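Engineer: mind folding the following:
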Amino acid sequence: PIIAAPGDDVILPCRLDSQEDLSGFSVEWFKLDMKPDPQGRIPFVFLYWGRKIITEHMSELFIPRVSLDQDGLKRGDVTLKIRNVSLQDEGKYKDLLNPTDTPSLEEAENEDFGGEAVHHPS
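Structural biologist: Numbers count the residues shown, from 1 in each chain. Below you'll find the model as predicted:
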């Protein structure tokens with residue numbers, strides 16, 4: 001797990017061993033326990049599709065606080081940074097990588113963070 005204190009920035013690492021260029025893929029980050037919006041849809045923590053960040057399908061709580069290194073995409077790195085975390089952010093996160101317009105190709109491992117002290121496992 002990744003442990004952080006409120007106000008910290010958190011990195012949710014996710015890299016392919018192959019360093020494949022993922023700039024043409026969609027990258028979907030989810031928080032597994034996120035509640036549906038009024039239309040019953042689960043908002044994304046982060047959505048990159050069609051070589052663009054699509055904020056209209058992202059949770060408003062995350063839009064100003066999340067980022068993904070665009071250059072990292074070219075090296076198989078879809079690591080997500082969440083700035084200024086709060087207790088509300090605690091939970092498990094999952095990301096999906098898809099060639100644009102196709103079913104899921106690769107599912108990255110879940111990332112879980114929470115707690116009060118900063119700890120970076122080795």
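Engineer: how about low-confidence regions in the protein?
Structural biologist: Scanning the chain with the threshold set as pLDDT under 70 gives 101-122.
Engineer: which stretches of it form helices?
Structural biologist: 70-73 (DSSP state H).
Engineer: for it, what spans make up the strands?
Structural biologist: For the chain, the strands defined by DSSP state E occupy 10-12, 25-31, 46-49, 52-53, 66-68, 80-82, 91-99, 106-107, 111-113.
Engineer: can I get those in TSV including mean neighbour count?
Structural biologist: Every residue, glycine included, has its C-beta placed from N, CA and C. TSV is the format used below for the strands of the chain (neighbours: other Cβ atoms under 10 Å):
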stretch	mean neighbour count
strand 10-12	19
strand 25-31	21
strand 46-49	22
strand 52-53	12
strand 66-68	18
strand 80-82	20
strand 91-99	18
strand 106-107	13
strand 111-113	18
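Engineer: can you say which of these is nearest to Gly40?
Structural biologist: For the strands of the chain, proximity to Gly40 was assessed by Cβ to Cβ; strand 25-31 is nearest, at 15.2 Å.
Engineer: show me what the closest residue to Trp49 other than its chain neighbours is bridged to.
Structural biologist: In space, Trp49 comes closest to Ser26 once its chain neighbours are excluded; the distance is 4.3 Å by Cβ to Cβ, 6 or more residues apart in numbering. For Ser26, the residues forming beta bridges with it (DSSP bridges) are Asn98.
Engineer: mind listing what Ser26 touches?
Structural biologist: In this structure, Ser26 makes contact with 47-50, 96-100, judged by Cβ atoms under 8 Å, 6 or more residues apart in numbering.
Engineer: distance of the residue lying closest to Gly7 once chain neighbours are set aside relative to Asp77?
Structural biologist: Taking Cβ to Cβ, 6+ apart as the measure, Gly7 lies nearest to Asn84, with 5.9 Å between them; neighbours along the chain are not counted. Spatial separation of Asn84 from Asp77 under the definition Cβ to Cβ, to the nearest Å is 22 Å.
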